[in-house]
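In: here are the coordinates; sequence isn't available:
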């Protein structure tokens, strides 16, 4: 999306993506609260990934998510084993909002509209936090999907509402700066 004429991702986008990687690691690894035998992690780590996808595009969002998960696991695994499913989930958490922002603009919504931001957060909540991450946890913990699902869905619903407000505020703040290419 924000590539130079040579087809490569610009240095500005790489720097912004690495900034979002660092914030994600702090919020999801260091500032997280683990509940219910490590089956629920309360954090705001999705915020930088979602913002990355919206502001920098789906590929930069995907890259931000993957790098965040791999580096974050090396820094603090929360005592768990590595599971590649969580890396896929993190990548999709950055990718989906980028796709929603592009698709929304084709349907007449502004790229940074409330509709795009709410849709991005709800899709990440349902598909990633609700379904995929619960599925990956069933592999790691040996617990049934329907046993983990209700507690995870309820706790992440509250976090998603807060995430949506945070993402909206930060994206609107970025609109007033000249830090991100294409953000006016």
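Out: Everything's here; your move. Treat the numbers as computed from the prediction; the structure is a model and nothing was measured.
In: immediately after the worst-scoring helix or strand of the chain on mean pLDDT, which helix or strand?
Out: Using mean pLDDT, DSSP states H and E, strand 40-42 stands out as the lowest-scoring helix or strand of the chain, at a mean of 72. Moving toward the C-terminus from strand 40-42, the next helix or strand (DSSP states H and E) is helix 46-56.
In: buried residues in the next helix or strand after that next one?
Out: As assigned by DSSP H and E, the chain's next helix or strand after helix 46-56 is helix 58-75. For helix 58-75, burial by neighbour count (16 or more other Cβ atoms under 10 Å) applies to 58-70, 72-73. Glycine gets a C-beta too; all of them are placed from N, C-alpha and C.
In: Kindly report the same for stretch 87-101.
Out: For stretch 87-101, burial by neighbour count (16+ other Cβ under 10 Å) applies to 87-101.
In: What about those residues, which are in helices?
Out: Here DSSP state H is the test, and the buried residues of stretch 87-101 give 87-101 as lying in helices.
In: Okay, buried residues for the longest helix along the chain please.
Out: In the chain, assigned by DSSP H, the helix with the most residues is helix 145-175. Buried positions in helix 145-175, judged by neighbour count with 16+ other Cβ under 10 Å: 148-149, 152-153, 155-156, 159-160, 163-164, 166-168, 170-171, 174.
In: Any chance you could list what contacts stretch 75-90?
Out: 25, 29-30, 32, 34, 38, 41, 49, 65-66, 68-70, 73, 128, 132-133, 135-136, 139-140 (Cβ atoms under 8 Å, 6 or more residues apart in numbering).
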